[in-house]
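Engineer: build the 3D model from these lines:
(one chain, ligands or ions: 1)
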Amino acid sequence: MEEMQGAAADLSGHREMRVSTFPTLYGERAAVRLFSRRTDLSRVADLGYAPETQSWLERALELTSGAVLITGPAGSGKTTSLYACLREIVAVSHGSRAVITMEDPIEVAVEGVAQAEVNEAAELTLSSGFRSLVRQDPEVMMIGEIRDSESARAAVAAALTGHLVLSSLHAGSVAEALRRLADMRVEEYMLRAGIAGVVNQRLVRRLCDCARAIAVSSAGAPELLGLPVAAGKAPRGCSACLGTGYAGRMLIAEHRCLRTHPIREDCPLPDEQSLPAQQESSAWAQASHTEFQTMLWRRGLAAVETGQTSPQELRRVLGWQGIQRN
Ligand SMILES: [Zn+2]
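Structural biologist: Numbering: from 1, shown residues only. Predicted coordinates for the structure are as follows:
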């Protein structure tokens, strides 16, 4: 498999596209990832989080220690969210906080932030680079993505020693994020003390204005695909949406704070203190998992019920499991 950094690198050196090709039976399969230059997603308030999640995140970014993780599967907007967080910190602090990043690669240049990029040839890896960053004594550090034990432990250790650490993690739920960190040999006491909170998010396609209302009888409607909603809309397709039925995307997200700090009261969910003492981490993760499903699903269902997205789109993104819990 080849990966080439796009031909469209601009003067400031950051990429606009990433192309990956892979040989298959009938020829080369190509995937192109385009990095949007949209400037309307520049601050946390522009991302489209639910109000409670937005205000929690904005306050979490004022913390002087602890890690804030953005999780979700590939294509859930984690990178866009991280960059908005960086700009938020620079704007709110009027550039007075020292912010340094370690990325692989730098996708967007952010004014007021010292950004560094992984360089395997120079043996500058995410984790070795991150360890060097700590010695620069920054107040805020961003590590593009936690991928291995070394970067996980470095990030949480930094969060425990008076730094606000931002990072993303490929995980489908808050519980999975915690399990993955535990699998990466981050001890539970470090997780409990170091992780301030987790935002777990998805991107769903937004229905175009041409969408049609789904006819719902007293027995419901097959088109609602078993979702517990009273109404919904289905995609139709017009010239404006090029026949796709969708136009643009929207964010569905939940947040969960995991540590004692001043923003705890914004947390609508039971926290670890409500669990029996000495509970095993698996039980702790399981408890988070149940809460996660409810909150993310609830927001997704609201988006279906108000006709912002379709039942099939929500099912595509959140899957066919999890509904029965409600
Ligand atoms: Zn349309």
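
Engineer: how about the residues of this protein that lie near the ion?
Structural biologist: Taking CB under 5 Å from the ion as the criterion, the neighbours of the ion within the chain are C208, C210, C238, A240, C241. The way it works is simple: take the backbone N, C-alpha and C, and place the C-beta from them, glycine included.

Engineer: give me the buried subset of those residues.
Structural biologist: Among the residues of the chain next to the ion, those classed as buried by neighbour count (16 or more other CB atoms under 10 Å) are C208, C210, C241.

Engineer: can you redo those as CSV with pLDDT?
Structural biologist: Written out in CSV, the entries for these read as follows (pLDDT from 0 to 100):
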residue, pLDDT
C208, 98
C210, 98
C241, 96
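
Engineer: and the residue of the stretch 51-200 of the chain found nearest the ion, how many neighbours?
Structural biologist: Going by CB to the ion, the ion is nearest to G75 of the stretch 51-200 of the chain, at 22.0 Å. Number of residues near G75 (other CB atoms under 10 Å) recorded here: 12.

Engineer: what about R205, which helix or strand?
Structural biologist: Taking DSSP states H and E as the definition, R205 sits inside strand 195-207.

Engineer: elements contacting that strand?
Structural biologist: helix 51-60, strand 66-72, helix 78-92, helix 149-159, helix 174-183, strand 246-257, helix 281-305, helix 311-318 (3 or more CB pairs under 8 Å, 6 or more residues apart in numbering; DSSP states H and E).

Engineer: is it possible to get CSV of the ones you listed that adds mean pLDDT?
Structural biologist: Formatted as CSV, the entries for the helices and strands packed on strand 195-207 read as follows, by pLDDT from 0 to 100:
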stretch, mean pLDDT
helix 51-60, 94
strand 66-72, 96
helix 78-92, 96
helix 149-159, 92
helix 174-183, 90
strand 246-257, 93
helix 281-305, 67
helix 311-318, 94
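
Engineer: export the ones you listed as CSV, with columns for mean neighbour count.
Structural biologist: As requested, the helices and strands packed on strand 195-207 are arranged in CSV below (neighbours: other CB atoms under 10 Å):
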stretch, mean neighbour count
helix 51-60, 19
strand 66-72, 26
helix 78-92, 21
helix 149-159, 22
helix 174-183, 22
strand 246-257, 22
helix 281-305, 19
helix 311-318, 20
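
Engineer: out of the ones you listed, nearest to V118?
Structural biologist: Proximity to V118 (CB to CB) singles out helix 149-159 among those, at 10.5 Å.

Engineer: what angle sits between that closest one and helix 174-183?
Structural biologist: Helix 149-159 and helix 174-183 are oriented at 100 degrees to each other (axes from the mean of the first three to the mean of the last three CA atoms, to 10 degrees).

Engineer: okay, the angle between helix 149-159 and strand 195-207?
Structural biologist: Using the same axes, to 10 degrees, helix 149-159 lies at 110 degrees relative to strand 195-207.

Engineer: angle of helix 149-159 against strand 66-72?
Structural biologist: Relative orientation of helix 149-159 and strand 66-72, computed by the same axes, to 10 degrees: 140 degrees.

Engineer: what's helix 149-159 in contact with?
Structural biologist: Helix 149-159 is contacted from outside by 65-67, 125-127, 130-131, 134, 141, 143, 145-146, 165, 167, 181, 184-186, 190-191, 194-196, using CB atoms under 8 Å, 6 or more residues apart in numbering.

Engineer: determine how far it lies from the middle of the whole chain.
Structural biologist: Put simply, helix 149-159 sits 18 Å off its chain's centre (CA atoms, centre = their mean, to the nearest Å).

Engineer: C-alpha coordinates for that helix, PDB please?
Structural biologist: Once side chains and other backbone atoms are set aside, the C-alpha atoms of helix 149-159 remain, and they are given as PDB (Å, rounded to 0.1, in the frame of the first residue of the first chain):
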ATOM      1  CA  SER A 149       1.200   2.200  24.900                       C
ATOM      2  CA  GLU A 150       4.100   4.700  24.800                       C
ATOM      3  CA  SER A 151       2.000   7.700  23.600                       C
ATOM      4  CA  ALA A 152      -0.900   6.700  25.900                       C
ATOM      5  CA  ARG A 153       1.300   6.600  29.000                       C
ATOM      6  CA  ALA A 154       3.200   9.800  28.000                       C
ATOM      7  CA  ALA A 155      -0.100  11.700  27.500                       C
ATOM      8  CA  VAL A 156      -1.600  10.600  30.800                       C
ATOM      9  CA  ALA A 157       1.600  11.200  32.700                       C
ATOM     10  CA  ALA A 158       1.800  14.800  31.300                       C
ATOM     11  CA  ALA A 159      -1.900  15.300  32.300                       C
END
